[in-house]
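1. need a structure here:
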Amino acid sequence: MRAILIWLTKWGIGFGTILLACGVATIWLGGSVSLPAVTVRDGTYVVLDRYFREAVPRIVLVGSSLTSRLRDEYFVTPGVFNLTVTGGSPLTGLEIVAGRPLLPAVILVEANVLSRPADADLVEKYAKAGRGRPWFFRPVRWAVASYERWNHGPDSHARVAVQLASVQPSIGQPVSSATAISWLSAQSKNAL
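-> Numbers count the residues shown, from 1 in each chain. Purely as a prediction, here's the structure:
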């Protein structure tokens, strides 16, 4: 019986140490690395987490899936943040922006779907800064997310500018089918 109690005590101390280490790692590293989005809702969580993690941007776009196609990398002007809720309402983004202590200088609103109500769950979770942050560090999740970010990192402004510069001379020119096929094959290779 005594051996079982010693084993349970060692197990409890080991588990408590691991839990404490995860709590310290959360404070030290934060939840800054998120897994790639698999569903539309995951993409919304990634965007909202990033909005609260970064400094207040100068310009914020709020909207639905139409505005979500305007990725941050497409803007040359620094300080532009696209806070869209794909499939949702711009009112959700407006309420989340209003819940932050500091407001951006400019808020651009997609106005074609203002009849949709705000997503109460997202507003409740993110209306106060820091509510969406993790309490404890998840080591396996962090390792997988770091690998995915390293292997398939997001586009940067510079990379998008190079891609646009390569396409720019052909704008306004008739496109042959051979050019279109070579461009599509290059895009599919980049996606893999």
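2. touching, residue 105 and residue 56? I think so.
-> No: judged on C-beta atoms under 8 Å, residue 105 makes no contact with residue 56 at a distance of 9.1 Å. Using the backbone N, CA and C atoms, a C-beta is placed for each residue, glycine as well.
3. the nearest residue to residue 117 once chain neighbours are set aside: what's it in contact with?
-> Closest residue to residue 117 apart from its sequence neighbours, by C-beta to C-beta, 6 or more residues apart in numbering: residue 89 at 6.2 Å. Applying C-beta atoms under 8 Å, 6 or more residues apart in numbering, we find residue 89 in contact with 64, 113, 114, 116, 117, 118, 119.
4. so which of those are in helices?
-> Counting by DSSP state H, no part of these is found in helices.
5. which SS state does residue 107 fall under?
-> strand (DSSP: H, G, I helix; E, B strand; the rest coil).
6. no wait, residue 78
-> coil.
7. any idea how far residue 69 is from the residue nearest to residue 117?
-> The gap separating residue 89 from residue 69 is 17 Å, by C-beta to C-beta, to the nearest Å.
8. tell me the bridge partners for residue 63.
-> Using DSSP bridges, the bridge partners assigned to residue 63 are residue 84.
9. mind listing what it touches?
-> 84, 85, 90, 93, 109, 110, 113.
10. tell me the spacing between residue 89 and residue 63.
-> Distance, residue 89 to residue 63, using C-beta to C-beta: 9 Å.
11. do the same with residue 90
-> Residue 90 sits at a distance of 5 Å from residue 63 (criterion: C-beta to C-beta).
12. ok, residue 5 next?
-> To residue 63, residue 5 is 60 Å away according to C-beta to C-beta.
13. likewise for residue 119?
-> Between residue 119 and residue 63 the computed distance is 13 Å (C-beta to C-beta).
14. now for these two: what residues contact both?
-> What both residue 119 and residue 63 touch, as defined by C-beta under 8 Å, 6+ apart, is the set residue 85.
15. the longest helix anywhere in the chain packs against which elements?
-> If you go by DSSP H, the chain has its longest helix at helix 2-29. Contacts defined by 3 or more C-beta pairs under 8 Å, 6 or more residues apart in numbering; DSSP states H and E place helix 2-29 against helix 139-151.
16. quick check: domain ranges of the protein?
-> 1-30, 40-130+138-151 (automatic domain parsing).
17. deepest of the ones you listed, which one?
-> Mean neighbour counts were taken over the domains of the chain using mean count of other C-beta atoms under 10 Å, and the top value, a mean of 16, falls to domain 40-130+138-151.
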